[in-house]
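Enquirer: Dropping a prediction and its sequence here:
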Amino acid sequence: MRILFVSSEVFPFSKTGGLADVSGALPKSLVDLGSEILVITPWYRTLQATPPPLWIGDVEVPFDGDFESVGVGTLERDGVRYAFVGHPDYQREELYGYPDDVRRFARFTRSAPQIAARLGFKPDIVHVNDWHSAYLPLVLTHGWHLPKGFAGLPSILTIHNVQYQGSSGIEEVLYWLRLPGAFRHSYLNHFGAANALQAGLGFANRVTTVSPSYAQEITLPEYGYGLDGTLRHIAHKLFGILNGLDTEVWNPQKDPYLVSSYCCNHLEGKVVAKKHLCDKLQLDSDRPLLAVVSRLVEQKGIDLFLAASDELILKGWSLALLGSGDKKLEVAAEQLAAKYPGRMTTYLGYDEPLAHQVYAGADALAIPSRFEPCGLNQMIAMRYGTLPIARATGGLKDTITHEQTGFLFDKASSKDFLETASYAKSLYGTPEWDRLVEHAMRQDFSWQVSAAAYHKLYSATIFPLP
C-alpha cells in the first residue's frame, strides 16, 4: 500500500506539539507493516535535519489564480521517504501564529500532489492531518490542475484538535486553490466563512480522531467548537483510533538525556533522575515532585493548576512547570515560582532534554485539561514511572485507569484537581504508590496496535464494501 502522508509538522524535523509526534511515529510503524510512505511537510527555517534534505529543484503549483514555484528537498530515514516544501512562507521565526497562516498552508496543501508526482510517487490513499492540510480532500475530489492519477484519490483526515480550524474568506480560498465558484455552497462554507477543517470533514472519505472518547466528545456542543453539527452529520465515517507512543524515543532504559537508566524492575535510576532534576531546578528532592510539561493555554487547564499551587505546596508537594504559551499564564507561573523558592520552579519555553529529565525525575505529572484529544504526556509519564493526575476526558480517560496507573478527576475545577492531588500525595511513599508505579510502567502504548488499525481503515477506504 502506498500512502501519501501530509502534515504541517513532523518530529524530529519540526515540532510544536503532539501532531509532530504522531506524524513522526505513525509512518515508521506503517512501514513496518509493509506500506510505502511519502511524508510531505514544510521546509521551515528551523528545520532540524542533519544532514539537511537533498535539494532537487522546483515544481510548479497551481495557486493564487496562476502557477507558483515551490522548492523540494528530500531525505529518507527509517524506511520513510520525506519531502520538504520550500518557500519563503516557511522561513519565519515560528511555525504558526501569523495573520496569513491559512494562505500559507493552502499553498502547502496545493503543493502536495505536484511534489508527490515529481518524486514518482503515485499513492493509493492520502492521509491529511488537522486544518493545515484539510483542503486536500476537496482538491482531490474536484480534480482540477492535478497530476495524472491524483483526481479522485481516496483520503483520510485525522483531527488532532478540533479547536483549530483554519477560517478565512470564501472568495480568497477559491482563488488561492483555483477552485470553481460552486464550492461556495459546499462543506467549505461554515456560516459564510471558509473553514478548512469542515471542508476536510465533508470531502474526506474517512475522518479519524486520536482517541475513541474524543471522537464521541466532539459531536457535542461543549467540545465541537462550532463543528459539532457537521461532526454529527458525518458520524457514519468518523472513527477514534488511539495514538501510540514512540517507545524508542521515550524509553527510560535507553534515554540519552538521563543520567541513569532504569526499568520497572530496577527503579534505582529513577531515584538518581529525581536527585539530578531537583538539583538542576533547585528543589528539595526529599519532597514529592508534581510537574507540568505543557503548552500554557486554557485547554490544558494550566490556570487550574496555578490556582491550586499554594495549597499543593502547603500539602507537601514541590512543583515544576515546563512550557510556554499564554502570557498571563506565563507571568502567573513565574510569580508563583518567585513566591516559593525551593518549592516551585518555572521554565518558560520548551527544552527537549529537560522534558525527558522532568518525565523521569518527577513523581507525578499534572494534566488538568479541559479537553484532551489524546495526549502523549500521560503515556510518557507512565512509561517513566511518573503517575499522571489528570482530568477524565478524551484520550486521558482512554489511557489512564484510576488508582491503577494514575489518578483521574471529573470536573474541570481547581477544587477537584486539588482533592485528587491531595489523595495521590497521601499514597506517596507507601507500598501502594510503588504498586501503581510498577503497573503504570508495564502499560504498552507502542504504535503497533494503532498502526494496524489505521492500516485496516486505509484498506477499507481504498476497497469499500459494496
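Expert: Yep, that arrived.
Enquirer: Report all helices and strands that the lengthiest strand in the chain contacts.
Expert: The residue-count maximum for a strand in the chain (DSSP state E) belongs to strand 66-77. Packing partners of strand 66-77 (3 or more CB pairs under 8 Å, 6 or more residues apart in numbering; DSSP states H and E): strand 54-63, strand 80-86, helix 101-118. All C-beta atoms are positioned from the backbone trio N, CA, C, and that covers glycine.
Enquirer: The second one: partners in the sheet, and parallel or antiparallel?
Expert: Put plainly, it is strand 80-86. Strand 80-86 has its sheet partners listed here by DSSP bridges as strand 36-42 (parallel), strand 66-77 (antiparallel).
Enquirer: I'd guessed G181 sits against L174; true?
Expert: Yes: using CB atoms under 8 Å, G181 is in contact with L174, at 6.5 Å.
Enquirer: For those two, work out which one has more neighbours and name it.
Expert: Ranked by neighbour count (other CB atoms under 10 Å), G181 and L174 place L174 first, with 18 against 9.
Enquirer: Check the secondary structure at the more buried one for me.
Expert: Under DSSP: H, G, I helix; E, B strand; the rest coil, L174 falls in the helix class.
Enquirer: now for the helices and strands packed on strand 66-77, which one comes closest to R2?
Expert: In terms of CB to CB, the element of these nearest to R2 is helix 101-118, at 9.6 Å.
Enquirer: orientation of the closest one relative to strand 36-42 in degrees?
Expert: 140 degrees (axes from the mean of the first three to the mean of the last three CA atoms, to 10 degrees).
Enquirer: Would it be right to say that E432 lies in a strand?
Expert: No: counting by three-state DSSP, E432 is not part of a strand but helix.
Enquirer: neighbours around it, how many?
Expert: Neighbour count for E432, taken as other CB under 10 Å: 12.
Enquirer: Show the pLDDT at it.
Expert: With respect to pLDDT, E432 has a value of 97.
Enquirer: roughly how far apart are it and S426?
Expert: 10 Å (CB to CB, to the nearest Å).
Enquirer: ok, which stretches of the stretch 351-466 of the chain are strands?
Expert: Here the stretch 351-466 of the chain has its strands, by DSSP state E, counting those that start in this stretch, at 364-367, 387-391, 407-409.
Enquirer: Make a markdown table from those strands and add distance to G342 and mean pLDDT to it.
Expert: A markdown table is the format used below for the strands of the stretch 351-466 of the chain (distance: least, CB to CB, whole Å; pLDDT from 0 to 100):
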| stretch | distance to G342 | mean pLDDT |
| --- | --- | --- |
| strand 364-367 | 19 | 98 |
| strand 387-391 | 22 | 98 |
| strand 407-409 | 26 | 98 |
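Enquirer: is it possible to export these to JSON lines including mean neighbour count?
Expert: Shown next, in JSON lines, are these (neighbours: other CB atoms under 10 Å):
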{"stretch": "strand 364-367", "mean neighbour count": "27"}
{"stretch": "strand 387-391", "mean neighbour count": "26"}
{"stretch": "strand 407-409", "mean neighbour count": "21"}
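Enquirer: Save those strands as CSV, and put in distance to W55 too.
Expert: Compiled in CSV, these are given as follows (distance: least, CB to CB, whole Å):
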stretch, distance to W55
strand 364-367, 41
strand 387-391, 43
strand 407-409, 49
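Enquirer: between the ones you listed, which one is nearest to A452?
Expert: strand 387-391 (25.5 Å).
Enquirer: Break the chain down into its structural domains.
Expert: Residue ranges of the domains in the chain are recorded as 2-244+448-462, 268-443, according to automatic domain parsing.
Enquirer: Among those, which comes closest to N251?
Expert: domain 268-443 (7.4 Å).
Enquirer: And the closest one, end to end?
Expert: The straight-line separation of the ends of domain 268-443 (CA to CA, to the nearest Å) is 20 Å.
Enquirer: just stretch 45-52 next, same as before
Expert: 12 Å.
Enquirer: same check, this time on stretch 135-151
Expert: End to end - CA to CA - stretch 135-151 spans 14 Å.
Enquirer: Equivalent analysis for stretch 248-255, please.
Expert: Its start and end residues considered, stretch 248-255 measures 8 Å (CA to CA).
Enquirer: what mean pLDDT does that stretch have?
Expert: 94.
Enquirer: contact partners of that stretch?
Expert: By CB atoms under 8 Å, 6 or more residues apart in numbering, the surrounding residues in contact with stretch 248-255 are 11, 25, 258, 261-263, 269-270, 356, 359-360, 379-380, 383-385.
Enquirer: in it, what's buried?
Expert: V249, W250, N251, P252, D255 (16 or more other CB atoms under 10 Å).
Enquirer: same check, this time on stretch 352-359
Expert: Neighbour-count burial for stretch 352-359 [16+ other CB under 10 Å]: L354, A355, H356, Q357, V358, Y359.
Enquirer: would you list those in JSON lines and tack on pLDDT?
Expert: Output for the buried residues of stretch 352-359, formatted as JSON lines (pLDDT from 0 to 100):
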{"residue": "L354", "pLDDT": "97"}
{"residue": "A355", "pLDDT": "96"}
{"residue": "H356", "pLDDT": "97"}
{"residue": "Q357", "pLDDT": "98"}
{"residue": "V358", "pLDDT": "98"}
{"residue": "Y359", "pLDDT": "98"}
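Enquirer: Save these as JSON lines, and put in distance to E403 too.
Expert: Shown next, in JSON lines, are the buried residues of stretch 352-359 (distance: CB to CB, whole Å):
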{"residue": "L354", "distance to E403": "30"}
{"residue": "A355", "distance to E403": "27"}
{"residue": "H356", "distance to E403": "27"}
{"residue": "Q357", "distance to E403": "27"}
{"residue": "V358", "distance to E403": "24"}
{"residue": "Y359", "distance to E403": "21"}
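Enquirer: give the contact list for G71.
Expert: With CB under 8 Å, 6+ apart, G71 has these contacts: W43, W55, G57, D58, V85, G86, H87.
Enquirer: Over to S23?
Expert: F5, S7, E9, V10, F11, V39, T41, N129 are the contacts of S23 under CB under 8 Å, 6+ apart.
Enquirer: If we use 10 Å, what do you get?
Expert: If you count contacts by CB atoms under 10 Å, 6 or more residues apart in numbering, S23 has them with 5-11, 13-15, 39, 41, 127, 129-130, 158, 160.
Enquirer: One more: D89?
Expert: Going by CB under 10 Å, 6+ apart, D89 touches P42, Y44, V70, Y98, D100, D101, R103, R104, F105, R107, F108.
Enquirer: Tell me which two of the residues you listed sit farthest apart.
Expert: V70 and Y98 (17.7 Å).
Enquirer: before we move on, back to that, would you show me how to pick out the buried ones of the contacts of S23 in PyMOL?
Expert: A single PyMOL command is used to select the members of those judged buried by 16+ other CB under 10 Å:
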select buried, resi 5+6+7+8+9+10+11+13+14+15+39+41+127+129+130+158+160
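Enquirer: From the contacts of S23, which land in helices?
Expert: In helices, defined here by DSSP state H, there are no members of the contacts of S23.
Enquirer: Return the subset of the contacts of S23 lying in strands.
Expert: Those of these lying in strands (DSSP E): F5, V6, V39, T41, H127, N129, T158.
Enquirer: Which members of those residues are the farthest-apart pair?
Expert: It's T41 and T158 that sit farthest apart of the ones in strands among the contacts of S23, by CB to CB, at 14.5 Å.
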